[in-house]
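With the sequence up front, the predicted model follows.
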Amino acid sequence: MSYQVVIVEDNDITRDMLTDKVNACEGFEVMASFADYTSASANLEKFTPDVLLVDLDLPDGDGVDIIARESNRHSDLPIMVISVFGDESHVIKAIQAGARGYLLKDSDSTEIRDSIRQLLEGGSPISPSIARHLIKRFQVEPDQPPQSDDAVVLSEREHEVLVLASKGFSYTETAEMLDLSVNTVASYTKRIYGKLAVNSRSEAVYEATRMGIMNNGSGPMKNGSKRNGR
């Protein structure tokens, strides 16, 4: 069984490049691709992809509108932006519209492959520079006291995974830095989402920052655990 991917990208070279990268990944296949807003809007309802990749700057419309419409039609559809735009305005609009991931077009084949897998696993892959915009957006002001929310308890390893996620590192990169398997990082991430009652990386970073967890290491956590390895 192959996971089906749909791509919306106006640049022919980039669209072909993305198609080749996705098709080269075992277990993934591009089922359709569209070069503009009009054709995507007219034909997307004919397809039920497992993942939707969307460019924002289309010649005849805004990719954010496609994201919002498809999110409303299929609330469980993982949508990821692949764009040259990494400014805060584009990032926030896309995520608010329903995008669960945001990569810049200079991402390499491995990052794109890993990011699609993360989307399917419930993750929210984000390029490092994009993660910085989110942290800036949700940063707790210095005079605003952290909120404990019944003292969310994260283990030391979970905190390490969360910090690296906030910096935009992929599951694979996090696994290498912490000497863990990718599956173990995914497992820690799911635990973090459960404890923070969130469904995506951006929400986890926001909630952890709001509670004070990201600001001062353990924050309000009751962190007495030791490094627990794999």
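Perfect, thanks for sending it.

what's whichever helix or strand residue 114 is part of packed up against?
Using DSSP states H and E, residue 114 sits within helix 109-120. The contact analysis (3 or more C-beta pairs under 8 Å, 6 or more residues apart in numbering; DSSP states H and E) places helix 109-120 against strand 3-8, helix 12-23, strand 51-54, strand 79-83, strand 101-104, helix 171-178. C-beta here means a position set from N, CA and C on the backbone, and glycine is covered the same way.

now the helices for this structure?
Taking DSSP state H, the helices of the chain run over residues 12-23, 37-43, 63-73, 88-97, 109-120, 128-138, 156-166, 171-178, 182-196, 201-211.

What residues sit buried inside the second one?
Of the residues in helix 37-43, those scored as buried under the neighbour-count criterion (16 or more other C-beta atoms under 10 Å) are 37, 40, 41.

which stretches of this structure aren't confidently modelled?
For the chain, the stretches flagged by pLDDT under 70 are 129, 132-151, 215-230.

circling back to that earlier point, out of the buried residues of helix 37-43, flag the one nearest to residue 112.
Of all the buried residues of helix 37-43, residue 40 has the smallest distance to residue 112: 19.5 Å, by C-beta to C-beta.

so how far is residue 66 from that closest one?
Counting by C-beta to C-beta, to the nearest Å, the gap from residue 40 to residue 66 is 6 Å.

what touches both of the two?
The overlap between the contact sets of residue 40 and residue 66 (C-beta atoms under 8 Å, 6 or more residues apart in numbering) consists of residue 8.

domain ranges for this protein?
The record assigns the chain these domain ranges, following automatic domain parsing: 3-137, 142-211.

Dead centre of the chain: give me the residue that sits there.
Note on the chain: the residue nearest the mean C-alpha position is residue 124, at 2.2 Å, using C-alpha atoms, centre = their mean.

Correct me if wrong: it contacts residue 205.
No: using C-beta atoms under 8 Å, residue 124 makes no contact with residue 205, being 9.3 Å away.

could the helices and strands packed on helix 109-120 be laid out in a markdown table, adding mean neighbour count and distance to residue 154?
What follows is the helices and strands packed on helix 109-120, written out as a markdown table (neighbours: other C-beta atoms under 10 Å; distance: least, C-beta to C-beta, whole Å):
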| stretch | mean neighbour count | distance to residue 154 |
| --- | --- | --- |
| strand 3-8 | 22 | 31 |
| helix 12-23 | 15 | 34 |
| strand 51-54 | 26 | 29 |
| strand 79-83 | 25 | 26 |
| strand 101-104 | 24 | 23 |
| helix 171-178 | 19 | 14 |
